[in-house]
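Novice: Need a 3D model of the following:
(one chain, ligands or ions: 1)
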Amino acid sequence: MQIADLGNVQLHYRIDGDSDGAPVVFANALGTDLHIWDAVLPLLPEGLRFIRYDTRGHGRSSVPAAPYSMGALVRDAEMLLDHLNVRDCVFVGLSLGGMIAQGLAVKRLDQVRALVLSNTAAKIGTAKMWQERVDAINSNGIASLAEAEMGRWFSPNFRARPELALWRSRLLQQPEAGYAGCCAAIAGTDFYTPTSGLRLPVLGIAGDRDAATPPDLVRETIELVPGAQFQLIRKAGHLACVEQPEAFAKVLGAFIHDIGHPSGTA
Ligand SMILES: O=C(O)CC1=CCC(=O)O1
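Specialist: Numbering: from 1, shown residues only. Next up, the predicted model:
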């Protein structure tokens with residue numbers, strides 16, 4: 001297990017693919033960990049270095065006391081990339097990870113060559129909604145959120161499949177303080193103005209059955225950046241990379257190729 005000790009936080013990360021390849025970095029969604037990318041990575045072009053990590057308070061990363069700020073989550077990503085000597089990466093963030101991606105590109109354009117903003121937005125939900133989620137966790141635990149979360153994460157079709165149990169159990173394993181801490185970070189984030197100043201290649205990905213960040217919301221954020229591309233994945237909920245890994249890998253692989261990110265065979 002690889003842990004980056006960044007001082008006030010320890011981040012669990014994994015590197016797959018070609019250790020000398022151009023870097024592609026992956027950041028997970030609220031209530032998930034780096035396993036959301038398991039099915040996508042083997043389908044991506046060869047010759048790339050895939051770096052994925054667990055957001056603080058999630059997976060095997062440490063769980064500082066809640067609440068967290070988005071600034072802290074962006075700093076975590078920045079410090080991890082410095083720790084690993086990563087520059088000019090394609091940064092792929094899903095939902096909360098996509099917010100971190102926007103913040104990192106605003107702060108450290110030397111680290112980020114292109115962004116993939118999957119199932120995310122410049123602003124997600126309202127402060128009231130996130131506070132209610134934190135209150136529910138504090139009163140009744142993370143299990144009290146599981147049913148609603150499965151409804152946002154996956155289409156009805158996927159929810160009828162046996163794999164649902166795995167994703168539900170992964171949610172239940174997330175530290176409650178970590179989940180609540182990240183809810184606070186999302187509640188305090190509105191990246192409309194900073195994201196509209198970005199000038200770099202951007203791919204937006206949405207799921208047509210996403211109940212948390214519907215396609216129009218994703219598109220609204222993507223359109224803030226001139227020249228950004230948008231791809232809709234069909235039969236996919238919020239965790240589009242889990243539900244439709246082949247389609248996800250196809251649009252991501254094509255984007256990596258189109259921007260000329262150095263890689264081997266497609
Ligand atoms: O849990 C949700 O509502 C979906 C979500 C919003 C931000 C994130 O990372 O997941």
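Novice: Please see if stretch 164-172 touches the ligand.
Specialist: No - judged by Cβ under 6 Å from any ligand atom, stretch 164-172 stays clear of the ligand, getting no closer than 9.3 Å. Quick note: C-beta positions are derived from backbone N, CA and C, even for glycine.
Novice: quick one: contacts of that stretch?
Specialist: 31-33, 35, 142-143, 145-146, 149-150, 153-154, 158, 239, 242 (Cβ atoms under 8 Å, 6 or more residues apart in numbering).
Novice: Filter these down to just the ones in helices.
Specialist: Mapping the contacts of stretch 164-172 onto helices (DSSP state H) picks out 146, 149, 150, 153, 158, 242.
Novice: Buried subset of those residues as a ChimeraX selection?
Specialist: Burial among the ones in helices among the contacts of stretch 164-172 is assessed by 16 or more other Cβ atoms under 10 Å; the matching ChimeraX selection reads:
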select :146,149,150,153,158,242
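Novice: need the ones in helices among the contacts of stretch 164-172 in CSV with distance to the ligand, can you?
Specialist: Output for those, formatted as CSV (distance: Cβ to the nearest ligand atom, whole Å):
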residue, distance to the ligand
146, 11
149, 6
150, 10
153, 7
158, 15
242, 12
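Novice: Can you tell me which of the ones in helices among the contacts of stretch 164-172 is nearest residue 258?
Specialist: Using Cβ to Cβ, residue 242 comes nearest to residue 258 of the ones in helices among the contacts of stretch 164-172, at 24.2 Å.
Novice: tell me the contacts of the closest one?
Specialist: 36, 39, 153, 154, 167.
Novice: out of those residues, who has the most neighbours?
Specialist: Within the contacts of residue 242, most neighbours by other Cβ atoms under 10 Å means residue 153, with 29 neighbours.
Novice: Helix or strand for residue 45, just tell me which one.
Specialist: For residue 45, there is no helix or strand it lies in under DSSP states H and E.
Novice: pLDDT wise, what is it at?
Specialist: pLDDT for residue 45: 97.
Novice: Same check on the one 5 residues further on?
Specialist: As predicted, residue 50 sits at a pLDDT of 98.
Novice: Tell me the secondary structure at it.
Specialist: strand (DSSP: H, G, I helix; E, B strand; the rest coil).
Novice: Name all residues that make contact with it.
Specialist: With Cβ under 8 Å, 6+ apart, residue 50 has these contacts: 15, 16, 17, 24, 26, 37, 41, 44.
Novice: Tell me which of these fall in helices.
Specialist: Per DSSP H, the contacts of residue 50 never map to helices.
Novice: looking at it, residue 190 is touching residue 121, isn't it?
Specialist: No - if you go by Cβ atoms under 8 Å, residue 190 and residue 121 don't touch, sitting 9.8 Å apart.
Novice: what about the two, which has more around it?
Specialist: More crowded of residue 190 and residue 121, by other Cβ under 10 Å: residue 121, with 28 against 15.
Novice: Quick one: residues contacting the residue lying closest to residue 177 once chain neighbours are set aside.
Specialist: Among residues not flanking residue 177 along the chain, residue 66 sits closest, at 4.7 Å (Cβ to Cβ, 6 or more residues apart in numbering). Contact partners of residue 66, counting by Cβ under 8 Å, 6+ apart, are 57, 177, 178, 180, 181, 184.
Novice: Am I right that residue 66 sits in a strand?
Specialist: No - going by three-state DSSP, the assignment for residue 66 is coil, not a strand.
Novice: Look up how far residue 32 lies from it.
Specialist: For residue 66, the distance to residue 32 equals 17 Å [Cβ to Cβ, to the nearest Å].
Novice: Throw the contacts of residue 50 into CSV and include distance to residue 52, thanks.
Specialist: Converted to CSV, the contacts of residue 50 look like this (distance: Cβ to Cβ, whole Å):
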residue, distance to residue 52
15, 8
16, 8
17, 10
24, 9
26, 4
37, 5
41, 8
44, 12
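Novice: how about the helices in the stretch 101-250 of the chain?
Specialist: With helices called from DSSP state H, counting those that start in this stretch, the stretch 101-250 of the chain shows them at 127-140, 146-153, 156-159, 164-173, 176-187, 192-196, 215-222, 240-243, 245-258.
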